[in-house]
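**Q** the amino acid sequence is not available; the structure is as follows:
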């Protein structure tokens, strides 16, 4: 398998963490989707990473689809419950985490890629409101639990850890560690895992 992605993307990092936790071998091909010479559209018509190239050459995209597929390849470190409400709960956590990252990314793109005279402060504020609301719900749902879904490490924790790490990387002015001590504790615990240590965004 080959993973096409960038070091800084929280979605690519999520897939890399899953690959590491599942102990799956793969080649990592760096791609800058914003570069003038990007070729990502040849693998993913949506022009996004991550994109996983399968053994038969066919592409798989969207980090949620990829992560769920990878979890089926080996019983090592099962990250998704097999069925029912528990499985749905983990996927809701992932959707929330990915949504926070998406809103923050949209705000950053507005401020960094668009000319100053074309930027919309209202748009940025709207996206950042989603970020802060999402963090508050993450903290409330985590409570005093050791992991997002009770006592077990799951894909929910992978997604949340990657989003929080990306916020530290790109939005250090958001003091989520100071505002939500339980998220900080979870993040520090996750950061000790080799899969997280080896995929820190830069």
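**A** Right, received. Where do you want to start? Note that the structure is predicted; figures quoted are calculated from it, not measured.

**Q** all helices for the chain, in order.
**A** Taking DSSP state H to define them, one finds helices in the chain at 10-21, 63-71, 84-112, 121-142, 155-170, 176-179, 181-190, 194-197.

**Q** how about those helices in CSV, adding mean pLDDT and distance to residue 32?
**A** C-beta here means a position set from N, CA and C on the backbone, and glycine is covered the same way. Below are these laid out as CSV (pLDDT from 0 to 100; distance: least, C-beta to C-beta, whole Å):
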stretch, mean pLDDT, distance to residue 32
helix 10-21, 98, 12
helix 63-71, 98, 17
helix 84-112, 97, 14
helix 121-142, 98, 22
helix 155-170, 98, 16
helix 176-179, 98, 27
helix 181-190, 98, 27
helix 194-197, 98, 23
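
**Q** can you put those helices in CSV and add distance to residue 46 and mean neighbour count?
**A** Output for those, formatted as CSV (distance: least, C-beta to C-beta, whole Å; neighbours: other C-beta atoms under 10 Å):
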stretch, distance to residue 46, mean neighbour count
helix 10-21, 12, 25
helix 63-71, 12, 19
helix 84-112, 14, 18
helix 121-142, 20, 15
helix 155-170, 20, 25
helix 176-179, 29, 14
helix 181-190, 29, 16
helix 194-197, 26, 16
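
**Q** for the ones you listed, give me CSV that also has distance to residue 28.
**A** Listed next are the helices of the chain as CSV, based on distance: least, C-beta to C-beta, whole Å:
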stretch, distance to residue 28
helix 10-21, 7
helix 63-71, 13
helix 84-112, 20
helix 121-142, 28
helix 155-170, 16
helix 176-179, 28
helix 181-190, 21
helix 194-197, 14
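
**Q** out of the ones you listed, which is closest to residue 53?
**A** When these are compared by C-beta to C-beta, helix 63-71 sits nearest residue 53, at 10.8 Å.

**Q** tilt between that closest one and helix 10-21?
**A** 10 degrees (axes from the mean of the first three to the mean of the last three C-alpha atoms, to 10 degrees).

**Q** next one: helix 63-71 to chain centre, how far?
**A** Distance of helix 63-71 from its chain centroid, counting by C-alpha atoms, centre = their mean, to the nearest Å, is 12 Å.

**Q** could you do stretch 73-81 as well?
**A** With C-alpha atoms, centre = their mean, you get 18 Å for stretch 73-81.

**Q** got the end-to-end distance for that stretch?
**A** 14 Å (C-alpha to C-alpha, to the nearest Å).

**Q** what of stretch 4-16?
**A** 10 Å.
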